[in-house]
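Colleague: model this:
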Amino acid sequence: MKDTLRSLAGNRLVWVVAIVVLGTGGWFFFIRNGGTGDIAFDTQPVSRGDVETAVTSSGPVSALVTVTVGSEVSGRLTQVLADFNAKVIKNQLLAVIDPSTFQSRVRSAEADLLVQQATVGSREVEVSTAQVLLDQAKRDNDRANSLVARGLVSQNDAEKAVNTLEQSTNSVKIAQANLNNARAQLVKARASLDQTRIDLNRTQIRSPVDGVVILRKVDVGQTVAATMQAPELFQIARDLSLIQIETKVDEADIGSIKENARATFTVDAYPNQVFEGRVAQVRINGTAVQNVVTYSVMVQADNPDHRLLPGMTANVRVITDERRNVLRVASAALRFRPPGVTGGLADVAGGNRQGGPGGFGGPPPGGGGQRFGGGPPGGPPGGPPGGLPGDTQQRPRRGAIVEMTPEVMDQLGLDAKQKEAVAAAVQSLRERAQAQAAAPSSNPLGGGGFMRFPGGGNNPQMMQQRIMNTLAGILTPEQMQKYNAMSEGRAVRPATIYVLNAKGQPEARTIRVGLADDITTEVVSGLNDGDMVIVRSRTAQR
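Modeller: Predicted structure coming up:
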C-alpha cells in the first residue's frame, strides 16, 4: 500500500489531472452560485413614431434615357470633337469620317444624272418625229381611199398607204416607250445622287439629343466598319437630372410592391445620405436563374445636382407599407415570456378562450366602450381577444376591418351626410352585438361570449360581412374600393406583452398590434404612450 501511494505521489500526470478537476469544480461552483437568484427585468417605453416594412434589393444607377450613337457608313475618322463628360446639344457635330470617297461618289452620280437628262431629251425628239410621220401617214391613207373610190389609184397603192399608217403608229408607240424608260432612268439617277449625298452627310456624326457624353469608344485615325450593324461610337445620357435604378426582386416579395410606392436608397459614394425615389414600373417579365425567379422593378429619382452617376450601385428599400405617428412597442416585448410561462394568449390571460372577433370589438375586460373595427379586443370580461378553442397564437390576416375614425373618413372623402349615416350604422351594429352577446349562448361549451357557432348569427366572419354590407350601402363604389385597399394593408392581430405590476412582478396584458418591422411594432389598442413594457429578463448578480 505504501509503495502504491509512493508511486502515485511521484507520478506528475496524476497531479496535473487532480488540479484540473479541482479547478473545474471550483469554477462551476462560483458561476452557479455567483448570482443572487433574483430575476431582473429590462423595460422599454411605448413611444410614437413611424413603422414601415420594406423590400430590399440593389441595382445599378443609370440615366433615364441613354442613346447610343453609331455610324451608318464605313471609313477612317479624321476628327473626334466630343470627349467624356462633354455636354452636347441636338445636331452638334461629334466626329467626322473621311468624306473623300463619298464626295467622288456624289460627283459620279451627278454625271449619271446629266447623261440621263440628255437621254430623256433625245427620246422626246424621237417621239415627236414619230408623231409627225404618223400624221403624214394618216393624210396619205385618207387621200388614197378617196382616189380608189374614183378609180384613179390602184388597190395596191391603197394597201401600201394602210401599211405605212400602221408602221407609223407602231413607231410612235416604240418612241413613247423609250421615252418612258429614259424618264425612269432619270428618276433612278436622281435617287442614286440623293443616296450618295446622304452617305456624304452621314460622314458627319451628330448628336441626336441634348445630353452628356458618358462613353467615347473611338479616336482620330480609327477605321469604323458599318457592315452587319452600326459600330458604337458614343453613349449620351439624355438627362442626368433624372435617374433610374433597375433592381431585381424575388417572386415572393413582388406582390407587395406597387407602382408609385416610395423608395429610399444609398450609394457607397455618399454612405451618410439617403436618397428618395418612386417605383416607376414593375415589369411583368420574370427572369429565372437557377430556379430563382426575379422581376425587374424600376425606381426613378431626381438628381438635380448630378451627384448620382451612371454605374453606381444603389442599395434600395422599397416601402411596401407604413404607418405615420403611431404608437410603437419594441418587437422584443412581443417575444418575451417570463420564466416558466410557455403558453400563448389564452394561457396567460386566464379567461375564456371563446373571445370575440378582434375586428369589430366586443366588451373589453371590465366593461367599457366599443369601437367599430380596431377597438379593444373582443371577448367576455376577463377573456382574451377572439379566437377558436385552443388558438393561442393567431397569425395576421389580410383584409382586417379598418376603424372608421374621423381621419379614415376624411381620407375616403366622405361628406357630412355619409359620416352621419356611418355613425348611425355603427351604433346600430353595436347595439345588435351587445344584445346578442347578452342572449343565451348556443355554444355547446357554454358561456355567453361574443363568439357563436353558425345559427347564432354572431360569429366573426358573419360580423365582418355584416359590416362590409353596411358600408357598401353608404359609400360610393370608388370610396368602397379605396376602403378595401386600406383594409388589405391592415393585418391587425392580438398579442400578449408583460408589464411590471406594483409588486415588481410581470403581469400579462393583451393588446392588438398591426404593422411590424424588424425593431418595432404598431400598437392598435391596449397601451398608452409612455407605458413601460418588459423586453427581456436576466439573473441579477451579486
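Colleague: and the gap between Ala175 and Ala184?
Modeller: Using CB to CB, to the nearest Å, Ala175 is found at 15 Å from Ala184. Heads up, the C-betas are built off the backbone N, CA and C, glycines and all.
Colleague: out of those two, which sits in the more crowded spot?
Modeller: Each of Ala175 and Ala184 has its neighbours counted (other CB atoms under 10 Å); Ala175 has more, 21 against 12.
Colleague: mind listing what the more buried one touches?
Modeller: Arg123, Glu126, Val127, Thr129, Ala130, Gln131 (CB atoms under 8 Å, 6 or more residues apart in numbering).
Colleague: could I get these as CSV with pLDDT and neighbour count?
Modeller: Converted to CSV, the contacts of Ala175 look like this (pLDDT from 0 to 100; neighbours: other CB atoms under 10 Å):
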residue, pLDDT, neighbour count
Arg123, 93, 20
Glu126, 92, 17
Val127, 93, 19
Thr129, 92, 13
Ala130, 91, 20
Gln131, 93, 15
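Colleague: just these now: which is nearest Asp219?
Modeller: The shortest approach to Asp219 among the contacts of Ala175 belongs to Arg123, at 52.3 Å (CB to CB).
Colleague: wait, is that closest one part of a strand?
Modeller: No. Secondary structure of Arg123 (DSSP: H, G, I helix; E, B strand; the rest coil): helix, not part of a strand.
Colleague: how close does the nearest residue to it once chain neighbours are set aside get to Arg76?
Modeller: Nearest residue to Arg123, sequence neighbours excluded (CB to CB, 6 or more residues apart in numbering): Leu179, at 3.9 Å. As judged by CB to CB, Leu179 and Arg76 stand 44 Å apart.
Colleague: Between these two, tell me which one has more neighbours.
Modeller: Leu179 (20 against 13).
Colleague: OK, contacts around the more buried one?
Modeller: Contacts for Leu179 (CB under 8 Å, 6+ apart) come out as Val120, Arg123, Glu124, Glu126, Val127.
Colleague: all helices of the stretch 401-542 of the chain, in order?
Modeller: 406-412, 416-438, 460-472, 477-488 (DSSP state H, counting those that start in this stretch).
Colleague: most packed of these?
Modeller: Greatest average neighbour count among these goes to helix 460-472 (a mean of 17), per mean count of other CB atoms under 10 Å.
Colleague: closest to Thr510 out of the helices of the stretch 401-542 of the chain?
Modeller: helix 460-472 (16.6 Å).
Colleague: what about Gly514, distance to Arg536?
Modeller: 23 Å.
Colleague: Neighbour count for the two, which is higher?
Modeller: Remark: of Gly514 and Arg536, Gly514 carries more neighbours, 22 against 14, as counted by other CB under 10 Å.
Colleague: need the contact list for the more buried one.
Modeller: Val51, Arg323, Val326, Arg490, Ala491, Val492, Arg493, Thr521, Glu522, Val523, Val524.
Colleague: Would you reformat those residues as CSV and include distance to Ala288?
Modeller: Formatted as CSV, the contacts of Gly514 follow (distance: CB to CB, whole Å):
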residue, distance to Ala288
Val51, 34
Arg323, 35
Val326, 39
Arg490, 34
Ala491, 30
Val492, 36
Arg493, 35
Thr521, 35
Glu522, 36
Val523, 41
Val524, 40
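Colleague: contacting residues around Thr287?
Modeller: Lys248, Val293, Thr294, Tyr295, Ser296 are the contacts of Thr287 under CB under 8 Å, 6+ apart.
Colleague: how does it look with 7 Å?
Modeller: Counting by CB atoms under 7 Å, 6 or more residues apart in numbering, Thr287 touches Thr294.
Colleague: follow-up on the earlier one: doesn't the residue nearest to Arg123 fall inside a helix?
Modeller: Yes. Leu179: assigned to a helix according to three-state DSSP.
Colleague: name the element Arg143 belongs to?
Modeller: helix 100-150 (DSSP states H and E).
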